[in-house]
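# Coordinates for the following, if possible.
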Amino acid sequence: MTTVLAPVAGAALALRAVPDPVFSQGLVGPGLAIEPVREPGRAVAPIAGTIVKLHPHAFVVVGDDGRGVLVHLGIDTVQLRGEGFEVLASEGDRVEAGQPVVAWNPAEVEAGGRCPVCPVVALDAVAEAVTRIADGPVDTGDELFVWT
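Here you go, the predicted structure:
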């Protein structure tokens, strides 16, 4: 069982509400999304493990059990080419759950015409494996869902 923490503060949303079919249709896996608060903040590691992919707008942490969790900071934010994001860790780093990975400002993402919603995905999991799903407001580091 893996407890996945909220990487940012905001309101938990179903993935189907994300305005991107890759996430809304669960193509990369089940999970939740967070409508982030519109203030500067830091996205934290949702689980303890190793950062296997790190872009300014997205990262994947793989736990010791081999399970990977994707955090995507906004939709179409790859187009920003890192502008407005500050990477606070490196690929290959071992991180603890709750450790800051990327600093960003959702309000700036939104002002630039992009959706700041943050999908948090249990990569390659079956939908039934995601349980105890958060609903409503979450703070950074709160339990978002459990991957069984």
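
# how close does the closest residue to W147 other than its chain neighbours get to V130?
Counting by C-beta to C-beta, 6 or more residues apart in numbering, T2 is the residue found nearest to W147 once chain neighbours are left out, at 4.2 Å. (C-beta placed from N, C-alpha, C; glycine too.) Distance, T2 to V130, by C-beta to C-beta, to the nearest Å: 10 Å.

# what does I51 give?
Applying C-beta to C-beta, the value for I51 to V130 is 22 Å.

# more crowded one of those two?
When I51 and V130 are compared for neighbours, V130 comes out ahead with 23 against 20, by other C-beta atoms under 10 Å.

# And the residue nearest the centre of the chain, how close does it get to A125?
When C-alpha atoms, centre = their mean is applied to the chain, the residue found nearest the centroid is V71 (2.5 Å). Distance, V71 to A125, by C-beta to C-beta: 15 Å.

# try A6
Using C-beta to C-beta, one gets 18 Å for the distance from A6 to A125.

# same question, V28
V28 is 10 Å from A125, where distance means C-beta to C-beta.

# Would you mind pulling the contact partners of the lengthiest helix in the chain?
Longest among the helix segments of the chain by residue count, using DSSP state H, is helix 106-111. The contact list for helix 106-111 (C-beta atoms under 8 Å, 6 or more residues apart in numbering) reads 8, 36-41, 73-74, 77, 80, 84, 115-116.
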